[in-house]
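Trainee: Mind looking at a prediction? Sequence and model below.
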Amino acid sequence: MRDRFVNQALTKWMEGTGKESEIVISSRVRLARNLCDIPFPNVAAAEQTKAVVSQVEGAIKDAEIEQTSGELIFVNLEELEPLDRLVLVDKHLISPQHAEEAAGKGLILRADEAVSVLINEEDHLRIQCLFPGLQLEEAWDLASRIDDLLESKLDFAFDEKLGYLTACPTNVGTGLRASVMMHLPALVLTNQASRVLASLSQIGMTVRGLYGEGTDATGNLFQISNQVTLGRSEEEIISNLVVVATQLIDHERMARQVLLKETKPQLEDRVCRAYGTLTSARIINSQEAMTLLSNVRLGIDLGIIQGVSPQVLNEMLVLTRPAFLQKLAGRELSPFERDVQRASLIRERFSLDG
Ligand SMILES: Nc1ncnc2c1ncn2[C@@H]1O[C@H](COP(=O)(O)OP(=O)(O)OP(=O)(O)O)[C@@H](O)[C@H]1O
């Protein structure tokens with residue numbers, strides 16, 4: 001089972017199912033939790049982080065947890081190769097920070113990869129639920145169940161006034177960050193993305209790139225999440241984000257119609273050129289691949305390209321990443337070798353549908 005997590009690129013969130021999956025790639029809910037009487041991971045001593053890992057590992061062995069939430073598997077990050085940890089980052093099962101230094105870190109995964117619990121990342125526990133499409137309520141519901149189960153076995157740091165205590169004050173309270181990963185190519189092409197996304201900060205939302213904090217939006221993919229965790233209930237945070245995501249979906253749909261109406265030949269040209277390059281290129285870097293895949297996905301959504309599965313973009317997000325390419329090759333690849341391998345993999349994938 002552990003091997004499958006790092007050997008198989010496909011994961012639940014890229015299934016392309018769920019509501020509004022044409023525009024919303026995935027929905028995520030994460031809860032930050034800490035154990036009482038143990039310092040936060042950034043200041044804890046080695047034996048204290050170890051104690052956190054073993055307490056959490058012990059808690060999930062409890063039969064009741066397995067029955068209620070499905071099989072949960074413990075993975076000690078120290079036992080994974082650095083490349084395997086990067087594959088988990090590419091699959092969005094752990095954050096880049098969690099992969100960086102494995103000492104004293106753990107991970108719990110549910111067999112279907114919809115649940116991952118990061119042990120000793122910024123907080124002792126980061127409970128994450130990741131679903132395809134717009135399924136924030138579903139992700140919250142599952143995260144909350146896992147949280148309750150863990151809390152029945154572990155003593156979480158909680159203050160009557162403030163709520164859950166966290167390493168970074170911006171997470172105090174609910175400890176909840178909910179996010180949606182959205183594909184917004186038409187807003188970008190009609191030059192509305194910067195204005196629309198900038199306005200989100202005024203209503204308490206944060207916009208990030210594909211790999212979270214500090215990353216850029218490539219492939220016209222934007223992660224939108226709540227900024228505030230304190231003074232609002234979990235349900236309010238989730239429903240606010242659903243409203244924002246729904247408005248963005250409407251904007252994106254309108255922009256797509258404008259493109260079709262006012263610049264159809266240019267749009268078709270862009271989409272078909274992207275398809276032509278992806279199905280012919282012999283060398284391609286990940287930035288170019290992402291941009292072209294985004295154009296092809298737009299073409300599929302608008303019926304310009306037929307017979308290609310819309311999931312292609314989701315799958316390629318992981319398959320064409322440096323870590324996974326090296327995993328497939330079974331050895332370290334130079335950047336040039338990766339570009340050759342990436343082009344070949346993309347051609348192969350498209351030939352399956354074409
Ligand atoms: N909706 C989503 N779909 C897929 N992956 C997501 C989504 N939201 C976040 N992620 C992934 O989760 C990881 C962590 O993201 P990010 O840094 O934004 O959040 P965080 O660590 O929970 O936040 P904080 O900065 O508050 O600690 C990244 O790898 C990111 O790509």
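Mentor: That came through fine.
Trainee: The ligand contacts on the stretch 1-150 of the chain?
Mentor: By C-beta under 6 Å from any ligand atom, the residues of the stretch 1-150 of the chain that approach the ligand are 13, 26-28, 30, 92, 95, 122, 130. Heads up, the C-betas are built off the backbone N, CA and C, glycines and all.
Trainee: Close to the ligand: what parts of the stretch 151-300 of the chain are there?
Mentor: Neighbours of the ligand within the stretch 151-300 of the chain, by C-beta under 6 Å from any ligand atom: 171, 177, 179-181, 208, 210-213, 223.
Trainee: filter these to the buried ones?
Mentor: 171, 177, 179-181, 208, 210-212, 223 (16 or more other C-beta atoms under 10 Å).
Trainee: Would you point out the most distant pair within the residues of the stretch 151-300 of the chain next to the ligand?
Mentor: Spatial extent of those (C-beta to C-beta) is set by the pair N171 and L210 at 21.3 Å.
Trainee: what about the strands in the stretch 151-300 of the chain?
Mentor: 158-159, 163-164, 176-183, 205-208, 221-226 (DSSP state E, counting those that start in this stretch).
Trainee: tell me the most buried of the ones you listed?
Mentor: strand 176-183 (a mean of 25; mean count of other C-beta atoms under 10 Å).
Trainee: Against which helices or strands is it packed?
Mentor: strand 24-33, helix 136-151, strand 221-226, helix 234-262 (3 or more C-beta pairs under 8 Å, 6 or more residues apart in numbering; DSSP states H and E).
Trainee: Output the ones you listed as TSV; include the columns mean pLDDT.
Mentor: Output for the helices and strands packed on strand 176-183, formatted as TSV (pLDDT from 0 to 100):
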stretch	mean pLDDT
strand 24-33	96
helix 136-151	94
strand 221-226	94
helix 234-262	96
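Trainee: Burial-wise, tell me which of those comes out on top.
Mentor: Highest mean neighbour count of these: strand 24-33, a mean of 26 (counted as mean count of other C-beta under 10 Å).
Trainee: now that strand against strand 176-183, angle please.
Mentor: Using axes from the mean of the first three to the mean of the last three C-alpha atoms, to 10 degrees, the direction of strand 24-33 lies 160 degrees away from that of strand 176-183.
Trainee: Using CSV, write down the CA coordinates of strand 24-33.
Mentor: Output of strand 24-33 as CSV, limited to C-alpha atoms (Å, rounded to 0.1, in the frame of the first residue of the first chain):
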residue,chain,number,x,y,z
VAL,A,24,-12.9,23.7,-10.1
ILE,A,25,-10.2,21.0,-10.1
SER,A,26,-10.2,20.2,-6.4
SER,A,27,-11.4,21.3,-3.0
ARG,A,28,-9.3,21.1,0.2
VAL,A,29,-10.0,21.5,3.9
ARG,A,30,-7.2,21.4,6.4
LEU,A,31,-7.3,21.7,10.2
ALA,A,32,-4.3,22.7,12.2
ARG,A,33,-4.1,21.0,15.6
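Trainee: Could you list every helix and strand that that strand packs against?
Mentor: Using 3+ C-beta pairs under 8 Å, 6+ apart: strand 24-33 touches strand 125-132, helix 136-151, strand 163-164, strand 176-183, helix 234-262.
Trainee: make it 10 Å
Mentor: When contacts are defined as 3 or more C-beta pairs under 10 Å, 6 or more residues apart in numbering; DSSP states H and E, strand 24-33 sits against strand 115-119, strand 125-132, helix 136-151, strand 163-164, strand 176-183, strand 221-226, helix 234-262, helix 311-319.
Trainee: That'll do, ta.
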